[in-house]
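Visitor: coords please:
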Amino acid sequence: MMKFVPLVFLLFLTGQVHGGIFKRSADDMSDEEALNHLLGQIDADRIGDFIKNMTLHPRNTQSDWMGEKEKTLKEIFKNFGMEVVTKKYKVLQCFPQAEDPSLTEVLAQDGVTVVETYREDGDDEQKILPAFNAWSKSGTVTGEPVYVNYGRKEDFDFLTKTKNMDLTGKIGIARYGKIYRGDKAKFAKQNGLVGLIMYMDAADYSPEGVKSFPEGPGLPASGIQRGTLKAGLGDPSTYLYPSTKYAYHDSEEEYEARLPGIIVMPINFNNALPLLGNLTGEEVEGDWQGAGSDDVPVYRYGPGFREDSEGKKLKITVNLDYKIVEIENIFGVMKGQQEPDRWIMIGNHRDTWVHGAVDATTGLATLNEIGHGLSELRERGWRPRRTIVLASWGAEEQGIIGSTEFVEDYMTLLQEKMVAYINVDVAASDRDNFTPAATPNFRPLLERATKHASSSYHAGNFSTLYEQWQHTSKSMTPKIKDLGSGSDYAAFINMAGVSCIDLTITGPYYTYHTEYDNFEYLSEHADPGMKATKAVTEVAARIIFELSTEKLVPLNATSYSTYVSHKISTSELERDLTEEGIEYDILKKSLAKFVENAKEYEARRPKLLDDKSRKQMDMRRFNDQMLQMERSFIYPPGLPNRPQNRHILIAPSILNSYSGSVFPGLFDSIAIAKEKKDDPESDKYWNEVKKQLTIAAWVTKAAARALSSDVFPA
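Guide: Numbers count the residues shown, from 1 in each chain. Just a heads-up that it's a prediction; the model follows:
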């Protein structure tokens, strides 16, 4: 009986009972008919059923339920008629020690524990791991507490420069939000703190007027956000090479330099309030004030506890086990007919911190819907021109590990064969805003796809998702964000130079990485009726279809070049360089050539399509130029002190790894040089600026050359 029920469910989820393996048609289909059929197969009810089934149990990399869902996913891909391929890696992971739990304590002057709070939020029956921050340093620290707001660079600068605090040896209390949690830990360590506590303030996660779950979408005060702290991508013990079964793993002494190196522990708002309410010092100003409570109406900076708590110290103990575990990436492959050696990949990670209905099962449901639609087309005799790959990544949550190990493992082939990567991590966390991030060459294709996608998920009166996107962007040219490093696209763009897009509809996501991100939260509050997830799936399906079927790859060079040129021309770069007597023209000329060659390249596109005498090789060459243009921005040594970030144009910001920035090596080096203006060796920082300017100009010229038809273009 236990074996029969999942099989029936699989057939239902994949749509094989109606119109699938029991229905055959040999009729030829035009691409337009095939696309319409693919889009017509996307079903909101099936999306909801799939997510509900997948989120019954937690799916961390060591969960028993993860193995069960991996088998389910392989069966689903197999039932789609796809070739199922798996790639396994042995990677370093960390997990809470069950026998020696982490805790926070308030100690009296004589060292006796006055208050003790264990790390909570675990559940043995559901096998929910206690809340923890992956890659925290293990150990015990004691010190005076200090409130550091969001733990941003400007927050620490305010405390140390405006308030003249010495933070050495202190333990920070930071609220989640605004920036990547790992950057909070990084800035804490840089400022001399020995420990950091992080919590989700109700001001950010259950604001006034928003009811707490289950009555509303707000986070209950007992909720704790998990999450990784690690900078960089992949397994820290096999840095810059894949964690294959034969790989050498660095010792702890070797890899710990790549980890945060500070003790960090997440707690809930209920447990944070007594700590905040007992701090001494001035009352906080402006946006430093959180929601508080009747007992804690105002926050204070600290450091230390107030006078009636004199002598008390804060103590944190974190105990994590580091061990090598096997993870698995699962692929469903539908080979192309004319160009099987050119790949279009859509990916999503299947591991979650707890149930992960929003993050990342909405994205996994998108893969399922597209796979179902492709299987329907396959049964009718349709095949794509290029190979389509559905990718389910393992171990994303602890630092984008599964996809990074794959990219490192298959780097050469990816740079030769990969046309584009589409990422759907969180398809929908709410219904407010469509907030895609992409390399600039995706814009025309993305705009076209959104003009055909429904906006029924949104309360506004919009006929298409595109109109809603324009509205929330407050622009006729809707906003596309720069790619950062927050999901599985990171290694593809930053290391391999593959054009990427990340699709999501967002809004307040109060239960992020907590046990409350479950199906009830998704279906009742975040995305009732799964309409937003369906809309993102429609966009993803059209993008995949066009990329895999159009004779000329529908990525646009002019969109790329004009975007880059505009970003630079509207920045203060020229002024900053001129003030220091640094020649700006080298980059200016490279950008002008990039714009010129991109226009000439795109002018050839309609001619190639109209000229019936053109050979397939001419089109192949044209397509390969687009691929090489993106690869041209790869500088093998990488950005300064960031060898994994090899894409000189697009990379994570050093202030917030979640967000991207343009020419970060150049702009970051200028920011550092300005900060070090009074340093006796300030010249060396401006010399680094000159070096980064040279590299930026060089790779931009290389991108321009990739688009040229000349043998040795200027």
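Visitor: can we go C-alpha only for contacts and neighbour counts from here?
Guide: OK.
Visitor: Secondary structure of residue 265: a strand, I assume?
Guide: Yes - residue state for residue 265 (DSSP: H, G, I helix; E, B strand; the rest coil) corresponds to a strand.
Visitor: ok, so what distance separates it from residue 130?
Guide: 11 Å (Cα to Cα, to the nearest Å).
Visitor: Residue 672 too?
Guide: With Cα to Cα as the criterion, residue 672 and residue 130 are 39 Å apart.
Visitor: Tell me which of those two has more neighbours.
Guide: Each of residue 672 and residue 130 has its neighbours counted (other Cα atoms under 10 Å); residue 130 has more, 21 against 15.
Visitor: where does that one fall, phi/psi-wise?
Guide: phi -60, psi 150 (degrees, to the nearest 10).
Visitor: Repeat that for residue 86.
Guide: Taking degrees, to the nearest 10 as the convention, residue 86 sits at phi -120, psi 150.
Visitor: next one: residue 439
Guide: Residue torsions, per degrees, to the nearest 10, at residue 439 are phi -70, psi 150.
Visitor: Distance-wise, check it relative to residue 445.
Guide: Residue 439 is 12 Å from residue 445, by Cα to Cα.
Visitor: The two: who's more crowded?
Guide: Between residue 439 and residue 445, counted using other Cα under 10 Å, residue 439 has the larger neighbour count: 23 against 17.
Visitor: didn't that one look like it was pressed against residue 559?
Guide: No - contact criterion Cα atoms under 8 Å: residue 439 and residue 559 do not qualify, at 9.5 Å.
Visitor: Contact partners for the spatially closest residue to residue 468 that is not a sequence neighbour?
Guide: Of all residues not flanking residue 468 in the chain, residue 462 sits nearest, at 5.9 Å (Cα to Cα, 6 or more residues apart in numbering). By Cα atoms under 8 Å, 6 or more residues apart in numbering, residue 462 lies in contact with 455-456, 468.
Visitor: cool, and residue 226?
Guide: Taking Cα under 8 Å, 6+ apart, one finds 131-134, 266, 353, 513-514 in contact with residue 226.
Visitor: got those residues as CSV, with pLDDT columns?
Guide: Formatted as CSV, these follow (pLDDT from 0 to 100):
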residue, pLDDT
131, 92
132, 94
133, 96
134, 97
266, 95
353, 95
513, 97
514, 95
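Visitor: Sort out for me which of those are in strands.
Guide: Residues from those lying in strands, with DSSP state E as the criterion: 133-134, 266.
Visitor: Now do the strands in the stretch 351-500 of the chain.
Guide: 386-393, 418-423, 433-434, 437-438, 500-502 (DSSP state E, counting those that start in this stretch).
Visitor: Only C-alpha atoms, please: export the one helix or strand residue 547 maps to in PDB.
Guide: Assigned by DSSP states H and E, residue 547 belongs to helix 531-549. What follows is helix 531-549, C-alpha atoms only, in PDB (Å, rounded to 0.1, in the frame of the first residue of the first chain):
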ATOM      1  CA  LYS A 531      -1.800  32.700  -9.300                       C
ATOM      2  CA  ALA A 532       1.500  34.500  -8.800                       C
ATOM      3  CA  THR A 533       3.500  31.200  -9.000                       C
ATOM      4  CA  LYS A 534       1.500  30.400 -12.200                       C
ATOM      5  CA  ALA A 535       2.300  33.800 -13.700                       C
ATOM      6  CA  VAL A 536       6.100  33.300 -13.100                       C
ATOM      7  CA  THR A 537       5.800  29.800 -14.600                       C
ATOM      8  CA  GLU A 538       4.200  31.300 -17.700                       C
ATOM      9  CA  VAL A 539       7.100  33.700 -18.100                       C
ATOM     10  CA  ALA A 540       9.700  31.000 -17.500                       C
ATOM     11  CA  ALA A 541       8.000  28.700 -20.000                       C
ATOM     12  CA  ARG A 542       8.000  31.200 -22.800                       C
ATOM     13  CA  ILE A 543      11.600  32.200 -22.200                       C
ATOM     14  CA  ILE A 544      12.700  28.600 -22.300                       C
ATOM     15  CA  PHE A 545      10.600  27.900 -25.300                       C
ATOM     16  CA  GLU A 546      12.000  30.800 -27.300                       C
ATOM     17  CA  LEU A 547      15.600  30.100 -26.300                       C
ATOM     18  CA  SER A 548      15.300  26.500 -27.200                       C
ATOM     19  CA  THR A 549      13.500  26.900 -30.600                       C
END
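Visitor: For it, buried residues please.
Guide: Residues 531-549 are the ones in helix 531-549 that count as buried (16 or more other Cα atoms under 10 Å).
Visitor: could you show me where the strands are in the stretch 201-350 of the chain, in order?
Guide: Under the criterion DSSP E, counting those that start in this stretch, the stretch 201-350 of the chain carries strands at the ranges 227-228, 263-266, 313-318, 320-334, 339-349.
Visitor: May I see the buried residues of the fourth one?
Guide: Of the residues in strand 320-334, 320, 322, 326-334 count as buried by neighbour count, 16+ other Cα under 10 Å.
Visitor: Direction included, what does that strand pair up with?
Guide: strand 83-96 (antiparallel), strand 386-393 (antiparallel) (DSSP bridges).
Visitor: Contacts for the first one, please.
Guide: Translated: strand 83-96. 74, 77-78, 102, 129-130, 132, 134-135, 235-237, 242-245, 319-334, 398, 401-402, 405-406.
Visitor: That strand: what's the following helix or strand?
Guide: Following strand 83-96 in sequence, per DSSP H and E, is strand 103-107.
Visitor: Just the CA atoms of that next one, as PDB, please.
Guide: Extracted in PDB, the C-alpha atoms of strand 103-107 (Å, rounded to 0.1, in the frame of the first residue of the first chain):
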ATOM      1  CA  LEU A 103      22.200  28.700  24.100                       C
ATOM      2  CA  THR A 104      22.400  32.300  25.200                       C
ATOM      3  CA  GLU A 105      22.800  33.100  28.900                       C
ATOM      4  CA  VAL A 106      22.900  36.300  31.000                       C
ATOM      5  CA  LEU A 107      25.500  35.900  33.700                       C
END
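Visitor: what sits against the closest residue to residue 42 other than its chain neighbours?
Guide: Spatial nearest neighbour of residue 42, excluding adjacent residues (Cα to Cα, 6+ apart): residue 369 at 5.8 Å. Contacts of residue 369 were listed using Cα under 8 Å, 6+ apart, and they are 14, 41-43, 47, 537.
Visitor: Take the residues you listed and keep only those in helices.
Guide: 47, 537 (DSSP state H).
Visitor: pLDDT check: weakest of the contacts of residue 369?
Guide: Ranked by pLDDT, the contacts of residue 369 bottom out at residue 14, which scores 49.
Visitor: From residue 251, how far off is the closest residue to residue 393 other than its chain neighbours?
Guide: Distances taken as Cα to Cα, 6+ apart put residue 349 closest to residue 393, at 4.3 Å, once the chain neighbours are dropped. Relative to residue 251, residue 349 is positioned 28 Å away (Cα to Cα).
Visitor: Residue 621 too?
Guide: Counting by Cα to Cα, the gap from residue 621 to residue 251 is 46 Å.
Visitor: Pull the distance from the next helix or strand after the helix holding residue 547 to the chain's centre.
Guide: Using DSSP H and E, the helix or strand that directly follows helix 531-549 along the chain is helix 557-569. Mean-position distance between helix 557-569 and its chain equals 24 Å (Cα atoms, centre = their mean, to the nearest Å).
Visitor: shift numbering so it begins at 660
Guide: Sure thing, new numbering starts at 660, so read that last one as helix 1216-1228.
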